[in-house]
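In: Got a predicted structure plus its sequence, pasted below:
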Amino acid sequence: MAKARHSRFDCSPGCSVEAAIGLIDGKWKSVILFHLLSGTLRFNEIRRHIVNVTPRMLTNQLRELEEDGLIVRTVYAQVPPKVEYSLSELGRTMEPILLSLKGWGDANISLFGKPKGHDPRERANETQRVNA
């Protein structure tokens, strides 16, 4: 059963936060918006930036972002068809929020990232140090 999108908000003291989060609550929406900060991208360019997203999920997330007015989808009538995605004016207003999230993530990723030793490069470096 699909989650109901954009239900009526009760306008309690967290209502505006709930509304804002409701627009970017998809697994990849914030990441898509972040990558579109750098400019217009085509579907496969977005996929290259977000390697773990499936084509179906990316399509769904892009449709929802377009429906909510955060991105603009431009289709060019040519063969093969060319489709580009860019931030709308409303989407552009999310830039400071996305940059703040990135800054917070950069400062705190070590608290939530992979435990030390899971990165093969770290293990190789440790092995080299021990053997030296």
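Out: Done, it's in. Computed from a predicted model, the values in this text were never measured in an experiment.

In: use CA for all of it now, contacts and neighbours both
Out: Noted.

In: Output the contacting helices and strands for the helix ranked longest in the chain.
Out: If you go by DSSP state H, the chain has its longest helix at helix 95-112. Contact here means 3 or more Cα pairs under 8 Å, 6 or more residues apart in numbering; DSSP states H and E; on that basis helix 95-112 packs against helix 29-36.

In: which helices and strands sit right next to the helix it packs on?
Out: helix 43-49, helix 55-67, strand 82-87, helix 95-112.

In: re the thing from before, send me the longest helix of the chain as PDB with only the CA atoms.
Out: What follows is helix 95-112, C-alpha atoms only, in PDB (Å, rounded to 0.1, in the frame of the first residue of the first chain):
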ATOM      1  CA  GLU A  95      19.900  25.400  -1.600                       C
ATOM      2  CA  PRO A  96      20.800  26.800   1.800                       C
ATOM      3  CA  ILE A  97      19.000  23.800   3.500                       C
ATOM      4  CA  LEU A  98      20.700  21.200   1.300                       C
ATOM      5  CA  LEU A  99      24.100  22.900   1.900                       C
ATOM      6  CA  SER A 100      23.500  23.000   5.600                       C
ATOM      7  CA  LEU A 101      22.600  19.300   5.600                       C
ATOM      8  CA  LYS A 102      25.800  18.600   3.700                       C
ATOM      9  CA  GLY A 103      27.900  20.600   6.200                       C
ATOM     10  CA  TRP A 104      26.300  18.800   9.100                       C
ATOM     11  CA  GLY A 105      26.900  15.400   7.400                       C
ATOM     12  CA  ASP A 106      30.500  16.300   6.600                       C
ATOM     13  CA  ALA A 107      31.100  17.200  10.300                       C
ATOM     14  CA  ASN A 108      29.400  14.200  11.700                       C
ATOM     15  CA  ILE A 109      29.700  11.300   9.200                       C
ATOM     16  CA  SER A 110      32.300   9.600  11.300                       C
ATOM     17  CA  LEU A 111      29.600   9.100  14.000                       C
ATOM     18  CA  PHE A 112      27.300   7.300  11.600                       C
END
